[in-house]
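Chemist: Structure here, sequence nowhere to be found:
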Ligand code: SF4
Ligand code: SF4
């Protein structure tokens, strides 16, 4: 068992990072770090992590490995409460419980808002086999969990992760975990800058396509059908 409590470990890594910052990147010595971590493969994070952020790094890796299509059904845009936008792997809505199923008035085809899925299992986690179905292609966010970097400090985002405090982490493993956390921060920033622009461009493109389709459909209508349509529009504007 580790000597330090998890809270101590969390403050240790923050404290350690402050020392590194004053001594500059060149003198970085991970061997002095008190933070230790070894994933115990408990899968707690996969079973309740909610939306997983996806970066360009992940998209490029999936494209390289020819597996993009496997992820497409789960990709979604998450408008976060802080106003930011993330591309995410969206969890699947859990099936309604038996008693709720009978009384449920919810449209079974309606999309469940991401806000209702914040503690739901990752869509590619197989609960029965307790296994990640895409382990070799898992997103960058999973490779650095539970360590993140915010541009200044390293942060432990899940103090309950049983791997924190586990002995046996080498200097090299800690250095690699930190590098991955920094890469994640860089890639997430890149995605967050690009996504609103892409989102706007795609929305505009869809609107233009819809308008073009409508105009084409109108141009193919018979005089009689067009007169009927005019009549419907006229009625609805009079009612308003
Ligand atoms: S990262 Fe932590 S919570 Fe996730 S599987 Fe490993 S030990 Fe468990
Ligand atoms: S992609 Fe794999 S490792 Fe990442 S949260 Fe999902 S199941 Fe876990």
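Modeler: The structure has been received and is ready for your questions. Note that the structure is predicted; figures quoted are calculated from it, not measured. Ligands and ions are numbered 1, 2, ... in the order given.
Chemist: For the rest of this, base every contact and every neighbour count on C-alpha atoms.
Modeler: OK.
Chemist: What ranges does the chain have for its helices?
Modeler: 6-23, 44-48, 56-64, 68-71, 98-103, 140-144, 171-219, 223-239 (DSSP state H).
Chemist: name the helices or strands packed onto the fourth one?
Modeler: Meaning helix 68-71. Contact partners of helix 68-71 among helices and strands, from 3 or more C-alpha pairs under 8 Å, 6 or more residues apart in numbering; DSSP states H and E: none.
Chemist: who's in contact with that helix?
Modeler: 59, 62, 89 (C-alpha atoms under 8 Å, 6 or more residues apart in numbering).
Chemist: do the last one as well
Modeler: Outside of helix 223-239, the residues that reach it under the criterion C-alpha under 8 Å, 6+ apart are residue 218.
Chemist: what angle do it and helix 171-219 make?
Modeler: 110 degrees (axes from the mean of the first three to the mean of the last three C-alpha atoms, to 10 degrees).
Chemist: Which one of the contacts of helix 68-71 sits in the busiest neighbourhood?
Modeler: residue 89 (23 neighbours; other C-alpha atoms under 10 Å).
Chemist: Beta-bridge partners for it, please?
Modeler: In this entry, residue 89 is beta-bridged to residue 52, residue 75, by DSSP bridges.
Chemist: Contacts only, for it.
Modeler: By C-alpha under 8 Å, 6+ apart, the neighbours of residue 89 are 51-54, 71, 74-76, 122-123.
Chemist: Now with 6 Å, please.
Modeler: 51-52, 74-75 (C-alpha atoms under 6 Å, 6 or more residues apart in numbering).
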